[in-house]
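Enquirer: Pasting the sequence and the predicted model now:
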Amino acid sequence: MTGLSTLLRTGLKKAGLKNTGKTKAKKDISITKEVLPKILDDVLESKQSITEIQPPVNTVKAYKLFTVKKGKLYPLFLEKSKPIEMNKWLGAVISPGAGKGKQFALRPGWHTGELPIATHIGGKIDPKTGLEKASLTKPNVRKDNQVWAEVELPADKDWQSIANSRARIKKDGTLDSRTAHITDEVPYGGTYKYKTNPNMTGSWLISGEMKVNRILPNEEVKAINNKAGVSDLPRVEEFLQKKKIGGMVMRNDNYNTQRAI
């Protein structure tokens, strides 16, 4: 099985980030204590297999970012060859041994968000030329081949209480949100919210099952985030327009537009 260090390097590369190491991590604002666990979760999520299941009775809405290739949806990391089917309930099955014996906690299940925002994942372009520039510290655009989807998650079992019951209690009597998670099983039949720290925007939602309902238009993504007072990375053309780059701008092939699927 691929080692976690390899997965991390691959995940950081896919996310448009650098593995700066202990001596430089504090200076790299794109890799923070809040962001790194999410990147690791996204990478480790791709170690799971997928199975079709019966639909739950109760559900909640969430959002997930996908890559579009030839009109089909795929996970962002490790470029799995099997596309994610829409309008079907899919269960997560964690691969045996995934994440065991490593220093990072594995949180099995589908990983989604309360809002369509993921500023730690995206593309990097030079605002002066419109061309890809990998040396930038952090992502500044949402690639055209990345789309946000509205997804549905199960809510039949109260996994939140289970996650909270496993959390460490701090000296002031409050719950340590970083430890309120499920690390040894997939939360089938339900969903729980997870935060790496109390100040992060929204929560990550981790569930045993997921159904992709529809792809969100850019304007709807903006409207949802505006209502919450946050914003995702801008699309390439929007970013260039804001930077007042006139005329025709050459574009790297990585940013070719993928039209609606």
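Expert: Looks like it arrived, so ask away.

Enquirer: Averaged pLDDT, the strand ranked longest in the chain. What do you get?
Expert: For the chain, the strand that runs over the most residues, judged by DSSP state E, is strand 59-69. Mean pLDDT, strand 59-69: 95.

Enquirer: Kindly report the same for stretch 239-247.
Expert: Averaged across stretch 239-247, pLDDT comes to 68.

Enquirer: residues in contact with residue 85?
Expert: 52, 212 (CB atoms under 8 Å, 6 or more residues apart in numbering). For the C-beta atoms, the positions are set from N, CA and C on the backbone; glycine is no exception.

Enquirer: Please apply the same query to residue 119.
Expert: For residue 119, the contacting residues are 138-139, 232-233, by CB under 8 Å, 6+ apart.

Enquirer: which one is residue 57 nearest to, not counting chain neighbours?
Expert: Nearest residue to residue 57, sequence neighbours excluded (CB to CB, 6 or more residues apart in numbering): residue 156, at 5.5 Å.

Enquirer: next one: residue 222
Expert: The shortest distance from residue 222 to any residue other than its chain neighbours is 7.4 Å, reached at residue 231 (CB to CB, 6+ apart).

Enquirer: same thing with residue 58?
Expert: Per CB to CB, 6+ apart, closest to residue 58 is residue 155, 4.2 Å.

Enquirer: and the gap between the one you found and residue 113?
Expert: 16 Å (CB to CB, to the nearest Å).

Enquirer: what's the answer for residue 73, then?
Expert: Applying CB to CB, the value for residue 73 to residue 113 is 16 Å.

Enquirer: now do residue 121
Expert: Plainly put, residue 121 is 11 Å away from residue 113 if you go by CB to CB.

Enquirer: all strands of the stretch 1-150 of the chain, in order?
Expert: Taking DSSP state E, counting those that start in this stretch, the strands of the stretch 1-150 of the chain run over residues 49-52, 59-69, 72-74, 90-93, 110-113, 146-154.

Enquirer: Counting neighbours, what do you get for residue 127?
Expert: For residue 127, the tally of surrounding residues (other CB atoms under 10 Å) stands at 15.

Enquirer: Show me what counts as buried in stretch 208-216.
Expert: For stretch 208-216, a neighbour-count test (16 or more other CB atoms under 10 Å) marks 208-212, 215-216 as buried.

Enquirer: ugh, wrong one, stretch 192-211
Expert: By neighbour count with 16+ other CB under 10 Å, stretch 192-211 contains the buried residues 192-196, 200, 202-211.

Enquirer: Now it - C-alpha only, CSV.
Expert: Provided in CSV are the C-alpha atoms of stretch 192-211 (Å, rounded to 0.1, in the frame of the first residue of the first chain):
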residue,chain,number,x,y,z
TYR,A,192,-21.1,14.3,12.0
LYS,A,193,-19.5,17.7,11.9
TYR,A,194,-15.8,18.1,12.5
LYS,A,195,-13.6,21.1,13.1
THR,A,196,-9.9,21.3,13.4
ASN,A,197,-10.4,24.4,15.6
PRO,A,198,-13.4,26.4,16.8
ASN,A,199,-12.6,29.4,14.6
MET,A,200,-12.6,27.7,11.2
THR,A,201,-15.3,28.7,8.7
GLY,A,202,-18.2,26.2,8.8
SER,A,203,-17.6,22.5,9.5
TRP,A,204,-16.5,19.5,7.5
LEU,A,205,-19.1,16.8,7.4
ILE,A,206,-18.1,13.2,7.5
SER,A,207,-20.6,10.5,6.5
GLY,A,208,-20.9,6.9,5.7
GLU,A,209,-22.9,7.5,2.6
MET,A,210,-23.4,10.2,0.0
LYS,A,211,-25.5,11.0,-3.0
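
Enquirer: burial measure for residue 145, as a count.
Expert: For residue 145, using other CB under 10 Å, the count is 16.
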